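> got a structure for you, letters missing:
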């Protein structure tokens, strides 16, 4: 009985310690990320961003602790966690950056396609023609 209480106390203490630690991580990383993404600096939006980031990091941390506690060794825990993290990331969505002007976007796409076509056709054929006719430039 005492042994079970000691284990429960240890587990509760371990989980409790993670809350402020993950909060500090979320605030530091969230502030840097929010500035780099160049979101609009409004208090409500920033706090909501930190809120979702905090609970996302907390879920990932507690899931990792749970798999380590329930599996026989760290290798099995790593396999189970990696599978779960992959599925979570698959359905999590992506951060969508600020929209780009449609004219700029289409010109960049057209430029990259034309460059690819140029390198695949014209450049390759000129080298072939130059070598076949012994025409050294």
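Okay, I see it. What you are looking at is a predicted structure, and each value in this text was computed from that prediction instead of being measured.
> Show me what the lengthiest helix in the chain is packed against.
Among the segments of the chain that qualify as a helix by DSSP state H, the longest is helix 2-37. Secondary-structure packing of helix 2-37 (3 or more C-beta pairs under 8 Å, 6 or more residues apart in numbering; DSSP states H and E): helix 43-70. To be clear about C-beta, it is placed using only N, CA and C from the backbone, and glycine gets the same treatment.
> tell me what the strand or helix carrying residue 84 is packed against?
Residue 84 belongs to helix 74-90 when assigned by DSSP states H and E. Helix 74-90 sits against helix 43-70, with contacts defined as 3+ C-beta pairs under 8 Å, 6+ apart.
> rewinding a little: model confidence over the helix holding residue 84, on average?
Averaged over helix 74-90, pLDDT sits at 86.
> relative to helix 43-70, how tilted is the longest helix of the chain?
140 degrees (axes from the mean of the first three to the mean of the last three C-alpha atoms, to 10 degrees).
> By mean pLDDT, which helix or strand of this protein comes out lowest?
The weakest-scoring helix or strand in the chain, judged by mean pLDDT, DSSP states H and E, is helix 123-132 (a mean of 52).
> Give the buried residues for stretch 81-94.
Judged by neighbour count using 16 or more other C-beta atoms under 10 Å, the buried positions of stretch 81-94 are residue 81.
> again with stretch 42-49
Buried residues in stretch 42-49, counted by 16+ other C-beta under 10 Å: residue 49.
> Can you list the neighbours in contact with that stretch?
30, 34, 39 (C-beta atoms under 8 Å, 6 or more residues apart in numbering).
> ok, residue 50 - contacts?
26, 27, 30.
> again, but for residue 18
By C-beta under 8 Å, 6+ apart, the contact list for residue 18 reads 58, 61, 62, 65.
> Thought residue 12 was touching the last one, still the case?
Okay, so that is residue 65. No. Assessed by C-beta atoms under 8 Å, residue 65 is found out of contact with residue 12, at 11.9 Å.
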